[in-house]
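Undergrad: Need coordinates for the below:
(chains A and B)
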Amino acid sequence: MLPSESSMRITSRKKTIAFAVTLGVLVAAVALVLNVSWIVLNWREVVPLFLGVLFFLFIIIGVILNTIFLVREVRRNEQQDSFLNAVTHELKTPITSIRLYLETLQQRDLDDNQRREFYQVMLEDSQRLMGTVEQVLRAARVTQKNVPLSKTDIDVGPLVQDAVDLARVRHHLAPDAVRWELDGLKAERLSVEGDREELSAVLSNVLDNAVKYSPRHPHIKVEVVTPDLETVQIKVQDNGIGIPAGELKRVFKRFYRVLTPSAAQVKGSGLGLFIVRAVIQRHGGKTWVESEGNGKGTTVTIELPRYQS
Amino acid sequence: MSGRILLVEDEEHLARGLKFNLEAEGYATSVAGDGETALELLLKQKEPFDLLVLDIMLPGKDGFAVATELRKANQFIPLLMLTARGRPDDVLKGFAAGADDYLPKPFNLQILLARIQSLLRRRDWARTLPDESSHDAVQPASVKSNDGSLEFEVFTFAGRQVNFATLELRANGKIYRLTLMEAELLRHLIHSGGKVVSRKQILEQVWNLHEDTDTRAIDNFIVRLRKYIEDDPSRPKHLLTVRGIGYRFLANIR
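TA: Residues are numbered from 1 along each chain as shown, chains lettered A, B, ... in the order given. As a prediction, this is how the structure comes out:
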């Protein structure tokens, strides 16, 4: 989402939430006052007093719960709306581009070089389209528990190497933009048990984020470390815009996107880290992010159990 | 046809493909990757562009904000919005921000080129038209339909004059520049000859939107038109609201 529009939407959302909360507090206060007056009026008679207080308590709890759910619902709606906008954009842009180039090829006389260049552009667009479609499908799939993972024994080193290579190509990165190193134990084979395709997608998502949210010159450090004999950690550290402390947990929520001005300029669906966490959880691992705050970069850590063969 | 076009598009592939096609049509085309750059070029450096093609989802300032800012700064360059967001509310928001035309992505190349041509043609008409707006020549309130060619009509009422070809409105000694859609809406209301026009009719006939949208975006346009043509916009005498239905236009105040 984009700043001017998002800020407009945030103000309208804040108004709705403020209204819901004010109404909730007012109704709860009225119920409380009625409750107290009931106690004052009926304090001699045990049965009406007891029943009345109980009844009022129910009302007050109900009002509070209702307000909480309402506020949550407003937030969720807002997130889905921004997700829909982002995905619409991500789907329609490559289609528009492919169509434009096809029509150009159809209607104009072009020399061979131009023709080849246009084919290349269309190929890249179709890959981008495929990427978006896969991301949306994967997000739908990870929420379904009964879809089995095809687990195999995976060597972590090459897995990370492939993801790094892919990111370099996809984002046209300078060779020194991504530094990547294995922990001291280079000779040892570090393996995990998992679904290769899902884990590659996870690493791609994390690396894509690192590039996307490092607007100037991305310097990304990828490390594989072994804190103990049972676990492997993959750490991806960037020098980007960072994440405010209050948002560190929320970034894993589906459709959630941080709305600081610098983050709002980056296009995205709000699915990336949701997929990361869901896939890693299904592999028995953990994911967390660390950031010193705005402009201080972000580190994403993925922890997986080591596979003992 | 010739002309200088500024294309504001952050998607590199689209920008490249569009630039190629516009240049093949003979337009000198420059590309700006974001809204700030476009504003800089148009407002600060006053580059003489003839047409602006503007994407909405841009990094930083979005297309709506760019359009609004341009119009506020009295930059009335013909503006075509090009965007992935084709819902009626988005379209109307675009027009309200000051767009002259709006094309949802994915678009047909031929239609895009035709629309660009029509916007530039209007500019040429505006240039070649003689200045036929001497202020005291107040004509009786009637629609001049120059043998059917509605493009060149001038309508005068209550000391105000609308020129639908140049998109100029003269009132109280001032000249206002209307956007194409403001002019079309006003023209539609004038043509209805005092009859009530519903919001739905306006959506269909002025904006070509056929969906059942319960939108009040038209109201914004009415508010703006009133600012131009009413002595007291809060107590309109020409552009009247008919509650629950729509609007009607009265040239003569009874």
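Undergrad: all contacts plus neighbour counts: C-alpha atoms, from now on.
TA: OK.
Undergrad: Keeping just the C-alphas, turn stretch A:203-213 into CSV.
TA: Extracted as CSV, the C-alpha positions of stretch A:203-213 are listed here (Å, rounded to 0.1, in the frame of the first residue of the first chain):
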residue,chain,number,x,y,z
LEU,A,203,14.5,-19.1,2.0
SER,A,204,13.5,-17.2,-1.2
ASN,A,205,10.8,-15.3,0.7
VAL,A,206,13.3,-14.3,3.4
LEU,A,207,16.0,-13.2,0.9
ASP,A,208,13.4,-11.4,-1.2
ASN,A,209,12.3,-9.4,1.9
ALA,A,210,16.0,-8.6,2.7
VAL,A,211,16.5,-7.1,-0.8
LYS,A,212,13.1,-5.4,-1.0
TYR,A,213,13.3,-3.7,2.3
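Undergrad: ok, and what's touching that stretch?
TA: The contact list for stretch A:203-213 (C-alpha atoms under 8 Å, 6 or more residues apart in numbering or on different chains) reads A:160, A:163-164, A:166-167, A:171, A:218, A:220, A:236-238, A:240-242, A:263, A:266, A:272-273, A:276, A:298, A:300.
Undergrad: One more: stretch A:257-275?
TA: For stretch A:257-275, the surrounding residues in contact (C-alpha under 8 Å, 6+ apart) are A:1-3, A:6, A:79, A:82-84, A:86-87, A:135-136, A:138-139, A:142, A:202, A:205-206, A:209, A:212-213, A:241, A:243, A:247, A:251-256, B:59-60.
Undergrad: Among these, which lie within strands?
TA: Per DSSP state E, strands hold no members of the contacts of stretch A:257-275.
Undergrad: For PyMOL, write the selection for the buried entries among those.
TA: Applying 16 or more other C-alpha atoms under 10 Å in any protein chain shown to the contacts of stretch A:257-275 leaves a buried subset, and the PyMOL line that selects it is:
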select buried, (chain A and resi 1+2+3+6+79+82+83+86+87+135+136+138+139+142+202+205+206+209+212+213+241+243+247+251+252+253+254+255+256) or (chain B and resi 59+60)
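Undergrad: Narrow the contacts of stretch A:257-275 to those in helices?
TA: Members of the contacts of stretch A:257-275 lying in helices (criterion: DSSP state H): A:3, A:6, A:79, A:82-84, A:86-87, A:135-136, A:138-139, A:142, A:202, A:205-206, A:209, A:212.
Undergrad: show me where chain A has helices.
TA: A:3-42, A:46-107, A:112-142, A:156-170, A:196-212, A:261-264, A:272-282.
Undergrad: average pLDDT for the shortest one?
TA: Read that as helix A:261-264. For helix A:261-264, the mean pLDDT works out to 71.
Undergrad: Flag the shaky bits of the stretch 1-150 of chain A, pLDDT-wise.
TA: Across the stretch 1-150 of chain A, the ranges flagged by pLDDT under 70 are A:1-13.
Undergrad: Could I get the contacting residues of whatever residue of it ends up closest to chain B?
TA: Closest to chain B within the stretch 1-150 of chain A is residue A:96: 4.3 Å, counting by C-alpha to the nearest C-alpha. Shown in contact with residue A:96 (C-alpha under 8 Å, 6+ apart): B:14, B:105, B:106, B:107.
Undergrad: for residue A:135, same thing?
TA: Here residue A:135 is in contact with A:271, A:272 (criterion: C-alpha under 8 Å, 6+ apart).
Undergrad: List only those of the contacts of stretch A:203-213 flagged as buried.
TA: Taking 16+ other C-alpha under 10 Å as the criterion, what is buried in these is A:160, A:163-164, A:167, A:218, A:220, A:236-238, A:240-242, A:263, A:266, A:272-273, A:276, A:298, A:300.
Undergrad: need the contact list for residue B:223.
TA: So residue B:223 contacts residue B:233 (C-alpha under 8 Å, 6+ apart).
Undergrad: so what are the domain limits for the chain?
TA: Went with chain A since none was named. Per the record, chain A has its domains at A:1-146, A:152-305, by automatic domain parsing.
Undergrad: To clarify, I was referring to chain B.
TA: Split by automatic domain parsing, chain B gives B:3-127, B:134-249.
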